[in-house]
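> Build me a structure from this.
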Amino acid sequence: MGKIVSISNQKGGVGKTTTAINLASNLVDLGKKVLLLDIDPQGNSGSGLGLEVQSLNKTTYEVMIGELSAREAIQKTFVPNLDIIPSNINLSGLEVDFLGIEKKEFKLKDALASIKESYDYILIDCPPSLGVLTINALCASQSVMITLQTEYFALEGLSQLMRIISLVQSQWNPSLSLEGVLLTMYDKRTNLANQVADDVRNYFKEKVYETVIPRNVKLSEAPSFGKPINYYDPDGVGAKSYKSLAEEIVGRA
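Numbering: from 1, shown residues only. Now for the predicted structure:
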């Protein structure tokens, strides 16, 4: 049965989508079959894999409102064994669609039930918010990975995310666990990055991955070419970092 992992942080620009795309592609390189599900209305996971997401009508939104099954919304990417259910701006209206709907927290979990055995990993790219979309992702997942930018304000709002995780555990998904904490945009030349990394490791202990994702221009450029980093700059430090992360995650399993 596939493991469903949400990649979350309510802050934007902390590497969630970069991690979702590049971790998924590197897990494929390790022989895993992976589905990337985008539950962020910005749709960047799809565009980062070369899809014109705003023109699509088979997306996470149609799955969430029950117009399509998850299997019907799956699309192949150019990376063998990496499939995606993309999203686009239509998903931003879901909060309104779900007003008054019973058991709305479980819509995504119910949708994924029929396909989770088809994959080794299902990675959910969460939006930078803690509303119904993120709660659906956490209710559907076995674990949550938190990405943390190693800069000032990195820990801002983290307590709110941890409260949401605790809320989901207590009310809807008691088996939800913390998969790990990933430090991103790390610049070892700065004292601030090192201090933030030390603070995060002191708080989360062994839950923090040994792998650290550096600040890297190629990682920023790759989405504009519609490619994961292991296709865009396979010998670069960004590709090596995400390969190391994938190996660490598989090794922990």
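> So which residues of the stretch 1-150 of the chain form strands?
Ranges of strands within the stretch 1-150 of the chain are 3-8, 34-38, 75-76, 82-85, 121-125, 143-149, based on DSSP state E, counting those that start in this stretch.
> quick one: pLDDT of the closest residue to residue 8 other than its chain neighbours?
Ranked by Cβ to Cβ, 6 or more residues apart in numbering and with sequence neighbours excluded, the top spatial neighbour of residue 8 is residue 126, at 4.1 Å. C-beta here means a position set from N, CA and C on the backbone, and glycine is covered the same way. Looking at residue 126, its pLDDT is 96.
> right, and residue 126 touches residue 11 too?
No: if you go by Cβ atoms under 8 Å, residue 126 and residue 11 don't touch, sitting 11.2 Å apart.
> Settle it for me: which of the two has more neighbours?
Taking neighbours as other Cβ atoms under 10 Å, residue 126 and residue 11 compare with residue 126 leading, 28 against 19.
> so what's the more buried one up against?
Contact partners of residue 126, counting by Cβ atoms under 8 Å, 6 or more residues apart in numbering, are 6, 7, 8, 9, 16, 39, 40, 133, 134, 137.
> Kindly recompute the last result at 10 Å.
6-10, 16-17, 20, 37-40, 133-138, 141, 144-145, 147 (Cβ atoms under 10 Å, 6 or more residues apart in numbering).
> now residue 228
18, 21-26, 28-29, 48-49, 77-79, 82, 219, 222, 234, 238-239, 242 are the contacts of residue 228 under Cβ under 10 Å, 6+ apart.
> What's the local residue count around residue 219?
Counted with other Cβ under 10 Å, the neighbours of residue 219 add up to 27.
> and what of residue 247?
Residue 247 is flanked by 15 other residues according to other Cβ under 10 Å.
> Would you check that it makes contact with residue 31?
No: counting by Cβ atoms under 10 Å, residue 31 is not a contact partner of residue 247; they are 11.6 Å apart.
> where does this protein have low pLDDT?
By pLDDT under 70, the low-scoring segments of the chain are 1.
> Partner strands of the longest strand that it contains and their direction?
Assignment by DSSP state E gives strand 177-186 as the longest strand of the chain. In the sheet, strand 177-186 lines up against strand 143-149 (parallel), strand 208-214 (parallel) (DSSP bridges).
> which parts of it are buried?
Neighbour counts over strand 177-186 (16 or more other Cβ atoms under 10 Å) mark 179, 180, 181, 182, 183, 184, 185, 186 as buried.
> Then stretch 93-107?
By neighbour count on 16+ other Cβ under 10 Å, the buried set for stretch 93-107 is 94, 98, 104, 105, 106, 107.
> Out of those residues, which is nearest to residue 153?
Of all the buried residues of stretch 93-107, residue 153 sits closest to residue 94, with 28.3 Å by Cβ to Cβ.
> any idea how far residue 108 is from the nearest residue to the closest one once chain neighbours are set aside?
Leaving aside its chain neighbours, residue 94 sits nearest to residue 64 (5.8 Å; criterion: Cβ to Cβ, 6+ apart). For residue 64, the distance to residue 108 (Cβ to Cβ, to the nearest Å) stands at 6 Å.
> Quickly list what's touching both of the two.
Joint contacts of residue 64 and residue 108 (Cβ under 10 Å, 6+ apart) are 39, 70, 132, 133, 136.
> could these go into a markdown table alongside distance to residue 192 and neighbour count?
Below are the shared contacts of residue 64 and residue 108 laid out as a markdown table (distance: Cβ to Cβ, whole Å; neighbours: other Cβ atoms under 10 Å):
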| residue | distance to residue 192 | neighbour count |
| --- | --- | --- |
| 39 | 31 | 25 |
| 70 | 42 | 23 |
| 132 | 35 | 19 |
| 133 | 31 | 24 |
| 136 | 35 | 28 |
